[in-house]
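Participant: Model the structure of this input:
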Amino acid sequence: MIQVNNDDKLFFFEKSYFTLDGLWMIETEKTIGWEAALKVDTIVWVSLLNIIFRRLKRYLNLKENNLGELIEILTFRWSVEGWEYKILKNEKNEVHIEIKKCPYISIIERNPERREKIPSICKDVCIPLYDSIINNFNPQIIVKRTKYKGLGNQVCDFKLTQEGIGLKKFDFFSKKNSKTKINNNDKLFYFEKNFRTLDGFWMVFLEKETNFETALKVDTIVWQRLYKIIFRRIKRYLKVKGNKIKDLIEIITFVWSCEGYNYEIVILEENEALLNITTCPYKEAMDRNPERHNKIKFICTDMCVRLYEPVLEEFNPNIILKRTKYLGTGDKFCNFHFFNSEKPKI
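Facilitator: Residues are numbered from 1 along each chain as shown. This is a model prediction of the structure:
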């Protein structure tokens, strides 16, 4: 197996996290329309952020669901994701925060075809999202918002208050700070932990809104598009210049190592490569959920088997992939047999 370090994995997950979410939204909208896609998007993010809050509470060793701990979780998440914010007021029972930059708005603004969607996402997703997760964290914390970047204001604002006995001033940051101090290990924890959860929630909640066949179709398109983007990024990151089988294997094993697959390289020659995946993190995630057990076979044989088609077409259409074994159908490994169609060996 290729060895990847934490910097490699952070590059992979941080870049892919936002791309994955955007692709799910775009392809869901194409399939079920804008209003229904917004509904699914909201459910996904309410569910995801509630889990993120629980994970960060453990990670930051927080013991109480008070206002100070809420701010610590919020600012950690915002700092990791690249938000720009300023603490305007920091008292024991009241905190005012001003958001100067939202990475999600920034991403949408780079796509002229999506800019008109920003107000709807802000009004129908972001506003109810924070109301829901803050109320779930502690219903005694009151949030008031009057400004929204997505609705034309220069900033977003959060005015959070909690009345109670024993509250202490939150000293994790100073009033002038615009970023919580975090390091790359913090970022890797956040993006690696939440990447697969985000993907899983989109699949599950789109399936509930439509049906399994529709969700699987969208899932396939999302991951085909995502993998094409990932392969381009990794090719540049690894400075791979060629498009031969050995170049493909260098990229694909880097991707698999970042994602947490266990695999072995059985054959690696000029015109042929055979790799076996022995454990799959996505199958393992579904194995832990009894409600998904009956879906594994179809995701493996109907979705995963098609995942690499657009990648190979773009990378080198002369490289053919043959697969005959799948962990999801009971085999001991998934096989990936690549060969050059100009000199096939099978």
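
Participant: where in the stretch 51-200 of the chain is pLDDT low?
Facilitator: Scanning the stretch 51-200 of the chain for pLDDT under 70 picks out the ranges 164-180.

Participant: Tell me where the stretch 201-346 of the chain has strands.
Facilitator: For the stretch 201-346 of the chain, the strands defined by DSSP state E, counting those that start in this stretch cover 262-268, 272-279, 319-322, 334-340.

Participant: how about those in TSV, adding mean pLDDT?
Facilitator: Output for the strands of the stretch 201-346 of the chain, formatted as TSV (pLDDT from 0 to 100):
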stretch	mean pLDDT
strand 262-268	96
strand 272-279	97
strand 319-322	96
strand 334-340	96
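
Participant: most neighbours per residue, which of those?
Facilitator: Most buried of those by mean neighbour count (mean count of other C-beta atoms under 10 Å) is strand 334-340; its value is a mean of 20. The C-beta positions use only the backbone N, C-alpha and C, and glycine is treated the same way.

Participant: returning to that earlier point: let's have the strands of the stretch 201-346 of the chain in a markdown table, adding distance to Leu70.
Facilitator: Output for those, formatted as a markdown table (distance: least, C-beta to C-beta, whole Å):
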| stretch | distance to Leu70 |
| --- | --- |
| strand 262-268 | 39 |
| strand 272-279 | 37 |
| strand 319-322 | 48 |
| strand 334-340 | 43 |
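
Participant: what sits against the closest residue to Lys217 other than its chain neighbours?
Facilitator: Closest residue to Lys217 apart from its sequence neighbours, by C-beta to C-beta, 6 or more residues apart in numbering: Thr31 at 7.5 Å. Neighbouring residues of Thr31 by C-beta atoms under 8 Å, 6 or more residues apart in numbering: 37, 210, 214, 217-218.

Participant: quick one: Thr31 and Gly328, what's the gap?
Facilitator: Computed as C-beta to C-beta, to the nearest Å, the Thr31 to Gly328 distance reads 24 Å.

Participant: Which stretches in this structure count as helices?
Facilitator: Secondary structure of the chain by DSSP state H: the helices cover 6-32, 34-59, 67-81, 103-109, 118-121, 127-137, 184-209, 212-238, 245-259, 281-287, 296-298, 309-315.

Participant: since we're on Lys15, how many residues are nearby?
Facilitator: Neighbour count of Lys15, defined by other C-beta atoms under 10 Å: 16.

Participant: what's the spacing between it and Arg323?
Facilitator: 27 Å.

Participant: One more: Thr253?
Facilitator: From Thr253 over to Arg323 (counting by C-beta to C-beta), the distance is 17 Å.

Participant: Likewise for Ile182?
Facilitator: From Ile182 to Arg323 the distance is 41 Å (C-beta to C-beta).

Participant: before we move on, what about Ile87?
Facilitator: For Ile87, the distance to Arg323 - C-beta to C-beta - is 53 Å.

Participant: Between those two, point out the one with more neighbours.
Facilitator: Ile87 (19 against 14).

Participant: So what pairs up with that one in the strands?
Facilitator: Beta-bridge partners recorded for Ile87 (DSSP bridges): Ile97.

Participant: Hmm, His96 and it touching each other?
Facilitator: Yes - using C-beta atoms under 8 Å, Ile87 is in contact with His96, at 7.4 Å.

Participant: Out of the contacts of Thr31, give me the one that has the most neighbours.
Facilitator: So for the contacts of Thr31 (other C-beta under 10 Å), the most neighbours sit at Val218, 23 neighbours.
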